[in-house]
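**Student:** What shape does this take:
(chains A and B)
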Amino acid sequence: MSSLSRDDVAHLAGLARIELSEAELDRMVGELGVILESVAKVQQAPTEGVAPMSHPMPLTNVTRADVVRPSLGAEAVLAGAPEAEQQRFSVPRILDED
Amino acid sequence: MTTVATDAVMDYDEAMRKFDPVMGLEVHVELHTATKMFCGCPTEFGAEPNSQVCPVCLGLPGALPVVNEKAVESAIRIGLALNCEIAEWCRFARKNYFYPDMPKNFQTSQYDEPIAFEGHLDVELEDGSTYRVEIERAHMEEDTGKSLHIGGATGRIHGADHSLVDYNRAGIPLIEIVTKPMVGAGERAPEVAKAYVSALRELLRALDVSDVKMEQGSMRCDANVSLRPHVGDPLSEEQLAVPLGTRTETKNVNSLRSVERAVRYEISRHAAILDGGGSILQETRHWHEDTGITTSGRVKSDAEDYRYFPEPDLVPVAPTRETVDALRGTLPEPPGLRRKRLQSDWGYSDLEMRDVVNAGAVELIEETVAAGASAAAARKWWLGEPSRRANAEGQDIVTYAAGLGLTPAHVAELDGLVASGRLNDSMARQVLDGVLAGEGTPTAVADARGLELVQDDGALEAAVDKVIEANPDVAAKIRDGKVAAAGALIGQVMKEMKGQADAGKARELILAKLQ
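**Tutor:** Next up is the predicted model:
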């Protein structure tokens, strides 16, 4: 397992829209590195002949019939919005890099 | 209004002498299930903003998605109709990105395990030849919310100071159908692109899985185009061996005609850059319907790092082979065969049928015939004025007619008015003009404009007598058996009647009196 570089952390912070100061970046490289190392121990488990698993439940095909159920209603939906206008969520200007 | 520098373009024919185009098309189709992909919210188009939203759509803590059974069935049927393999086991994945069109900060999609893969669709071109489009995959995902950008230029993201989001569309089942690189089309690439989207739309409509309304966004197309040097015949071994060039992806090309125009434009634009020694930037492009050009969008970059991982809240989809076979049994008649059957039912010649297909009027005519019109009349009316005007407006006939509210029932009604003898052909044309101008149904237009053949045989007979008396020479010719001479008299009778008479009846009367 290659260790996490400072550039990796800066890249991830950018993707997650989290602004980190230089000092925070330095600290996160160390902290995330420890977490990754811990998780990496799992890779030492003998997995030969074991199928990869992404879910703890051995279930497939859990579906529902295509039948309408009540929605929340716009008022309740927007109750959680910091700002609303024209019955819509108001959000800050999107992506100035676009 | 800001001015955008227009890119240089090379003449298309010259571009084709120098380069070989390769395309890849991605089509997103909204399924017309009653509910969303992962929750029971309705999917009705045009509902009040945020009225079809629940905790699952919003990704509220604790909300758990459950897959819509009908959507999975539709996805499998689409896969089968595209001659795809159907996965025995596949998962959903989270596509992570920060953009307010998805409140969850991810879109539930499929990544490396699509439900359907490795298929093909044979597409008929205008000259009757066939091009096989290889299908890479068809996968299930969910649509995103719709944003309105406020401030700045109207509706544009640039310069907007904030945006308003409606999540009614977020979560509507979406199938993304991706082709393999489409090679060997040569100069016909734009036509092939249009024919593919058209054939796909026809197939999806036949499957009854989507409204496939490009104008409402229930079917959307992204067109990838790249050029490589022209070294020989498009299908020759040497040409196919040339590595692919850098591609651009033109987003949201949302009509059949635009697909053709956008591909053609990008070919000419790439050609100008490459011929001038430049290189193509891998980027998304925005299509501008009004000006027929594309402009630079987003450069593929870090932001494209979606960090897909298996969706932990959903279990795998593993359709049994019995289920797949049962769904195979529900596939409709393939559109190509259906066209042949309709042609025979309607008694059209090959040329007539091709005109109808190229005009995109097969369904309109089918519905018009079902509403009681004769097949010949249905073709005549749809391919006449409405088709001509749709072309002039740069729209397909279905979109154009829908925009004006002209329906198959109207055309059948118009045909009925002619068949019953109320209108003659030229009056019917005036009525159609009225319907196209939004004056109401054919009967209402005819009433309002006072268009009605004079049914009073006495008046017609009087006019015939008057015309015969005024033209003794012509009358004598007809008496001598020169029936063709009657045409001159019919014209005068129609004039006497101010056009409000049945020319056929006038002819009968004239001949009866002179033979």
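**Student:** Please, where are all the strands along chain A?
**Tutor:** Taking DSSP state E to define them, one finds strands in chain A at A:63-64, A:84-85, A:88-92.
**Student:** what comes up buried for stretch B:334-352?
**Tutor:** B:335, B:339, B:342-343, B:346, B:348, B:352 (16 or more other CB atoms under 10 Å in any protein chain shown). Glycine gets a C-beta too; all of them are placed from N, C-alpha and C.
**Student:** Sorry, slip of the keys, the one I care about is stretch B:270-290.
**Tutor:** B:270-274, B:280, B:283-287.
**Student:** re earlier: among the buried residues of stretch B:334-352, which are within reach of chain A?
**Tutor:** Among the buried residues of stretch B:334-352, none lies close to chain A by the criterion of CB under 8 Å from any CB of the partner chain.
**Student:** mind listing which of the residues you listed are in helices?
**Tutor:** Judged by DSSP state H, the subset of these located in helices is B:335, B:339, B:342-343, B:346, B:352.
**Student:** rewinding a little: closest one of the buried residues of stretch B:334-352 to chain A?
**Tutor:** residue B:335 (25.2 Å; CB to the nearest CB).
**Student:** Now the residue of the stretch 401-515 of chain B found nearest chain A. Nearest residue, chain neighbours left out?
**Tutor:** Of all residues in the stretch 401-515 of chain B, residue B:403 sits closest to chain A, at 25.2 Å by CB to the nearest CB. Nearest residue to residue B:403, sequence neighbours excluded (CB to CB, 6 or more residues apart in numbering or on different chains): residue B:395, at 7.4 Å.
**Student:** measure that neighbour to chain A for me?
**Tutor:** 29 Å (CB to the nearest CB, to the nearest Å).
**Student:** got the residues of the stretch 101-250 of chain B near chain A?
**Tutor:** So far as CB under 8 Å from any CB goes, the stretch 101-250 of chain B lies against chain A at B:103, B:147-150, B:157-158, B:160-167.
**Student:** Of the residues you listed - the most surrounded one?
**Tutor:** Greatest neighbour count in these, by other CB atoms under 10 Å in any protein chain shown, goes to residue B:167: 27 neighbours.
**Student:** Quick check on the nearest residue to that one once chain neighbours are set aside: phi, psi?
**Tutor:** Excluding its sequence neighbours, the residue lying closest to residue B:167 (CB to CB, 6+ apart) is residue B:145, at 4.3 Å. When read as degrees, to the nearest 10, the backbone of residue B:145 gives phi -70, psi 170.
**Student:** Ok, the one 5 residues further on next?
**Tutor:** Recorded main-chain torsions at residue B:150 are phi -110, psi 140, according to degrees, to the nearest 10.
**Student:** and it, bridged to which residues?
**Tutor:** Legend: beta-bridge partners of residue B:150 under DSSP bridges are residue B:162.
**Student:** Tell me who's in contact with it.
**Tutor:** For residue B:150, the contact set (CB atoms under 8 Å, 6 or more residues apart in numbering or on different chains) comprises A:85, B:160-164.
**Student:** In terms of distance to residue B:316, which of those residues ranks first?
**Tutor:** Nearest to residue B:316, judged by CB to CB, of those is residue B:163 at 35.9 Å.
**Student:** That closest one reaches residue A:93, doesn't it?
**Tutor:** Yes: between residue B:163 and residue A:93 there is a contact at 6.9 Å, judged by CB atoms under 8 Å.
**Student:** Near the residue in chain B positioned nearest to chain A, how many other residues are there?
**Tutor:** Per CB to the nearest CB, residue B:40 is where chain B lies closest to chain A, at 3.0 Å. Residues near residue B:40, counting by other CB under 10 Å, number 19.
**Student:** for it, phi and psi?
**Tutor:** The phi/psi pair for residue B:40 (degrees, to the nearest 10) is phi -90, psi 10.
**Student:** Give the closest residue to it in space, chain neighbours not counted.
**Tutor:** residue A:69 (3.0 Å).
**Student:** and residue A:10, how many neighbours does it have?
**Tutor:** Around residue A:10 there are 14 residues (other CB under 10 Å).
**Student:** Also residue B:465?
**Tutor:** 14.
**Student:** now it, nearest residue through space, not along the chain?
**Tutor:** That would be residue B:513: by CB to CB, 6+ apart, it lies 7.6 Å from residue B:465.
**Student:** Residue B:247 contacts residue B:223, correct?
**Tutor:** No: shown here, residue B:247 and residue B:223 do not form a contact pair, counting by CB under 8 Å, at 9.8 Å.
**Student:** Overlap in contacts, the two.
**Tutor:** residue B:24.
**Student:** which of the two has more neighbours?
**Tutor:** residue B:223 (28 against 21).
**Student:** pretty sure the more buried one is in a strand, no?
**Tutor:** Yes: assigned with DSSP: H, G, I helix; E, B strand; the rest coil, residue B:223 falls within a strand.
**Student:** ok so, going back, can you tell me which of the strands of chain A is nearest to residue B:174?
**Tutor:** Closest among the strands of chain A, using CB to CB: strand A:63-64, at 17.1 Å.
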